[in-house]
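Visitor: 3D model of this:
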Amino acid sequence: MFTKSASELAAMVRAKEVSSRELLEGFVDRVERLNPPINAVVTLDLERARAAADAADASEPSGPLHGLPITIKDAIATEGIRSTGGAVELTDHVPTADAPAVARLKEAGAIVFGKTNLPRWSGDIESFNEIFGTTNNPWDVTRIPGGSSGGAGAAVAAGFTSFELGTDIGGSVRIPAHFDGVFGLKPTFGVINQRGYLDHVDGGTIDVDINVFGPLARSAEDLDLLLSVLAERDVLPAKELRRVGVWFDEPSCPVARDYRALLGAAADRLADSGVVVEEAHPPIDFADQVRLFSNLVLAAMSTSLPPDVADGASGSHHQWIRNTIERSRLQAIWAEWFESYDALLCPVTPTAALPHMQGEFVARTMTVDGVERPYWENTSWTGLIGVVGLPSAVPPIGRTPEGLPVGVQCGAPHLGDRTAIDLARRLGRYEVPPGF
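Guide: The predicted structure follows:
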């Protein structure tokens, strides 16, 4: 039962087939038994959660998430629960108010009972920090769960929570969805309120460039439901999918053969359903747009760096303006391309989940089909979409010969979040990791 989708669990609670308290105790039992080797859930708030679950069971359902126990990424301020951002500076930080997105989940009936692990200030695709240690992938504990919402992705995959709320500035929802075999949504920039994001001491009071909050769940239907709860702006209805472009092959960021085969198979399934699927993408230079992403994301994340380093990493205000002008030009190119295509399929990272590799991010490398590649290429495909603020849903599309799950980015035009989700629904299916 605990690996059912949030939509299914919510229906069961409404029908009184299961109580909120039973769900909560079941998730807590799974965390106590199965979490230690994964280390996804790092903080619990059980006394208040039990009281909230009992109150939910004593009342009539008043929201679409009524009685669902959930966990929240530790980079998101949650009232009354330690929320650290993965940084020792906030080891004992207990917010007095919820991030607006958390408040919306609670207003819809969800009950927060814990927080999930992440890298320091959400700045890595490994999920480890000095407070809580390292999170492992439920499919293979020698592999990373992705980041920065790595604990979130692992918790959803392992059935420790009904669903999760993560953040994504460089792929931090999409990469864990891909590595852990779950569904994730990076919404259109600005659709979900991102205040309460703990990316530095005193963080959470302003919007951060490129950054979004987004759900991780076990079905595309869950993503659609959670978008309805979380969105503060109207998004467009899902378009009827008639013509979809695929961009799987890029010489500057090659994809491993085993993963490439699964991407191709997913595109073939879509074509078999009657959608026109073509090798096509916006007429932009991949490397140039990724370089723009790198420059803007460094500026956006510079508040988490020491002041002397931050000034150099962020660049001048003049450079930021020039980069923003370039981004606007690229957004227009993408918008024009989406007048002819309903969606775009592309990889999430070059490979399935990587072995653990900690230490300085820029010094790391990875192997793609026997060739050593820069580690930072793990955020190239996600940065490509994120820098222009477009929505991207990631469904699990299969497993490599090693048994590792992989996903695909389903990109859509501005405010086309539901189109991205609908494409994810057509392509993906969650599987329970062995032993969970």
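
Visitor: any idea where the helices of the protein begin and end?
Guide: Using DSSP state H, the helices assigned to the chain run over residues 6-14, 20-34, 46-57, 100-107, 150-158, 174-180, 220-230, 257-272, 286-301, 307-314, 317-337, 380-386, 417-427.

Visitor: now those helices as TSV including distance to D207, mean neighbour count and mean pLDDT?
Guide: C-beta: built from backbone N, CA, C; applies to glycine. Shown next, in TSV, are those (distance: least, CB to CB, whole Å; neighbours: other CB atoms under 10 Å; pLDDT from 0 to 100):
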stretch	distance to D207	mean neighbour count	mean pLDDT
helix 6-14	27	20	98
helix 20-34	32	19	98
helix 46-57	29	17	98
helix 100-107	11	20	98
helix 150-158	21	34	99
helix 174-180	20	34	99
helix 220-230	15	23	98
helix 257-272	33	17	98
helix 286-301	10	19	97
helix 307-314	16	12	84
helix 317-337	14	14	97
helix 380-386	14	27	98
helix 417-427	18	25	98
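
Visitor: Of all these, which one is nearest F128?
Guide: helix 150-158 (8.5 Å; CB to CB).

Visitor: residues in contact with P395?
Guide: Contact analysis of P395 by CB atoms under 8 Å, 6 or more residues apart in numbering lists A177, F183, A220, G407, V408, C410, A424, R425, L427, G428, R429.

Visitor: Could you dump the helices of the chain into CSV with distance to P434 added?
Guide: Output for these, formatted as CSV (distance: least, CB to CB, whole Å):
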stretch, distance to P434
helix 6-14, 22
helix 20-34, 12
helix 46-57, 28
helix 100-107, 30
helix 150-158, 11
helix 174-180, 13
helix 220-230, 22
helix 257-272, 19
helix 286-301, 35
helix 307-314, 42
helix 317-337, 40
helix 380-386, 27
helix 417-427, 23
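
Visitor: Of all those helices, which one comes closest to V348?
Guide: helix 174-180 (3.8 Å).

Visitor: and that closest one, what does it pack onto?
Guide: Using 3 or more CB pairs under 8 Å, 6 or more residues apart in numbering; DSSP states H and E, the elements in contact with helix 174-180 are helix 150-158, strand 183-186, strand 392-394, strand 405-407.

Visitor: So which of the ones you listed is nearest T91?
Guide: For the helices and strands packed on helix 174-180, proximity to T91 was assessed by CB to CB; helix 150-158 is nearest, at 16.4 Å.

Visitor: how many degrees apart are that closest one and helix 220-230 in direction?
Guide: With axes from the mean of the first three to the mean of the last three CA atoms, to 10 degrees defining the directions, helix 150-158 sits at 130 degrees from helix 220-230.

Visitor: hang on, C346 packs against A420?
Guide: No: if you go by CB atoms under 8 Å, C346 and A420 don't touch, sitting 11.9 Å apart.

Visitor: shared neighbours of the two, which are they?
Guide: G411.

Visitor: What residues does A220 make contact with?
Guide: So A220 contacts F183, A393, P395, I421, D422, A424, R425, G428 (CB under 8 Å, 6+ apart).

Visitor: swap the cut-off to 6 Å and go again
Guide: Residues in contact with A220 (CB atoms under 6 Å, 6 or more residues apart in numbering) are F183, I421, A424, R425.

Visitor: Of the helices of the chain, which is nearest E240?
Guide: Closest to E240 of those is helix 417-427 (CB to CB; 9.1 Å).

Visitor: what packs against the closest one?
Guide: helix 220-230, strand 392-394, strand 409-411 (3 or more CB pairs under 6 Å, 6 or more residues apart in numbering; DSSP states H and E).

Visitor: Identify the residues contacting stretch 404-417?
Guide: For stretch 404-417, using CB under 6 Å, 6+ apart, the contacting residues are 139, 177-178, 181, 187-188, 227, 235-236, 259, 262-263, 266, 338, 343-346, 348, 352-353, 385, 390-397, 399, 419-420, 423-424.

Visitor: First-to-last residue distance for that stretch?
Guide: End-to-end span of stretch 404-417 (CA to CA, to the nearest Å): 27 Å.

Visitor: What is the distance between that stretch and the centre of its chain?
Guide: Centroid separation between stretch 404-417 and its chain, computed with CA atoms, centre = their mean, to the nearest Å, is 11 Å.

Visitor: Begin at 26 from now on, thanks
Guide: Renumbered: residue one is now 26, and that last one reads stretch 429-442.

Visitor: on that earlier part again, with distance to I309 added, can I get the contacts of P420 in a markdown table?
Guide: Below are those laid out as a markdown table (distance: CB to CB, whole Å):
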| residue | distance to I309 |
| --- | --- |
| A202 | 24 |
| F208 | 27 |
| A245 | 28 |
| G432 | 23 |
| V433 | 20 |
| C435 | 19 |
| A449 | 23 |
| R450 | 28 |
| L452 | 24 |
| G453 | 27 |
| R454 | 32 |
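
Visitor: Just give me the residue closest to the centre of this protein.
Guide: Centre of the chain computed as the mean C-alpha position; nearest residue by CA atoms, centre = their mean is V198, 1.2 Å away.

Visitor: Wait, that residue touches S174, no?
Guide: Yes: contact criterion CB atoms under 6 Å: V198 and S174 qualify, at 5.4 Å.

Visitor: Overlap of the contact sets of those two?
Guide: Both V198 and S174 are in contact with G191, where contact means CB under 6 Å, 6+ apart.

Visitor: Distance check, the residue nearest to E303 when sequence neighbours are not counted against E304.
Guide: Closest residue in space to E303, ignoring its immediate chain neighbours: G270 at 5.8 Å, by CB to CB, 6 or more residues apart in numbering. For G270, the distance to E304 equals 7 Å [CB to CB, to the nearest Å].

Visitor: Ok, D227 next?
Guide: 47 Å.

Visitor: just E456 next, same as before
Guide: Per CB to CB, E456 is found 29 Å from E304.

Visitor: higher neighbour count, these two?
Guide: Higher neighbour count among E456 and E304: E456, with 15 against 10, using other CB atoms under 10 Å.

Visitor: And the pLDDT at the more buried one?
Guide: Here, the pLDDT recorded for E456 equals 98.

Visitor: Now it. Its backbone dihedrals?
Guide: phi -120, psi 140 (degrees, to the nearest 10).

Visitor: Identify the residues contacting the residue lying closest to it once chain neighbours are set aside.
Guide: Counting by CB to CB, 6+ apart, E456 lies nearest to G206, which is 6.1 Å off, once chain neighbours are set aside. Contact partners of G206, counting by CB under 6 Å, 6+ apart, are A182, P421, P430.
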